[in-house]
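Enquirer: Just a sequence and a predicted model for now, questions to come.
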Amino acid sequence: MKKLPLVLLMLSCTMLTACGGDKINAHNEKSAYRSVKMIKNHLQAEMRVEYEMSFWMIRDAKKDNAEFLAAVDGKKAEEIIAMGREIYEKRKAEGFAEYQQYKTWEEMMAKYDRDRIKQGKAKSDVKENIGDPKMGNRDVVYKL
């Protein structure tokens, strides 16, 4: 009888871990931002800036909250990056001033990666420093 609560606790933890996944949960804005941050923290260091920038490009392109949430719900990191590239290409072709200074997507991502390093942020956003009060806010806000 003493083992039953332990088994239930382990089963609950397993189920909660399985719910996290690698897809964005965009049932509402708060859960979308939370899952994006969680996914970003599990990505390889070289994909983090590209993923974060792509997500915010999608947010900027889709002003309507319901349309934005529908666009990102259930998407994996690779799909978000692909959507970001499409938005970049479309806006560059339309003459979006901010994107005209870059020849390619990769050049733009390299520039934002350098900006992050200049701001004193580690490129890898090391997980063990998260929550450390002396590290400050580790989020970077980009002007799109």
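Expert: Thanks, I have it. Model, not experiment: these values are computed from the prediction.

Enquirer: Quick one: name whatever helix or strand follows the lowest-mean-pLDDT helix or strand in the chain.
Expert: Averaged element by element with mean pLDDT, DSSP states H and E, the chain has its least confident helix or strand at helix 3-20 (a mean of 55). As assigned by DSSP states H and E, the chain's next helix or strand after helix 3-20 is helix 29-42.

Enquirer: which other helices and strands contact the helix or strand following that following helix?
Expert: Counting by DSSP H and E, the next helix or strand C-terminal to helix 29-42 is helix 45-61. Counting contacts by 3 or more CB pairs under 8 Å, 6 or more residues apart in numbering; DSSP states H and E, helix 45-61 is packed against helix 29-42, helix 65-72, helix 77-94, helix 105-118. From N, CA and C alone the C-beta is placed, and that goes for glycine too.

Enquirer: got the contact list for the shortest one?
Expert: Residues outside helix 65-72 that contact it (CB atoms under 8 Å, 6 or more residues apart in numbering): 24, 26-29, 32, 36, 55, 58-59, 62, 80, 83.

Enquirer: Report the buried members of the residues you listed.
Expert: Among the contacts of helix 65-72, those classed as buried by 16 or more other CB atoms under 10 Å are 24, 26, 32, 36, 55, 58-59, 62, 80, 83.

Enquirer: can you put these in CSV and add distance to Tyr112 and pLDDT?
Expert: As requested, the buried ones among the contacts of helix 65-72 are exported to CSV (distance: CB to CB, whole Å; pLDDT from 0 to 100):
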residue, distance to Tyr112, pLDDT
Ile24, 21, 94
Ala26, 23, 92
Ala32, 21, 93
Val36, 16, 93
Phe55, 13, 95
Ile58, 16, 95
Arg59, 16, 94
Lys62, 20, 94
Ile80, 15, 96
Met83, 17, 97
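
Enquirer: In JSON lines, list these along with distance to Lys92.
Expert: Formatted as JSON lines, the buried ones among the contacts of helix 65-72 follow (distance: CB to CB, whole Å):
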{"residue": "Ile24", "distance to Lys92": "25"}
{"residue": "Ala26", "distance to Lys92": "26"}
{"residue": "Ala32", "distance to Lys92": "26"}
{"residue": "Val36", "distance to Lys92": "24"}
{"residue": "Phe55", "distance to Lys92": "19"}
{"residue": "Ile58", "distance to Lys92": "16"}
{"residue": "Arg59", "distance to Lys92": "18"}
{"residue": "Lys62", "distance to Lys92": "18"}
{"residue": "Ile80", "distance to Lys92": "19"}
{"residue": "Met83", "distance to Lys92": "15"}
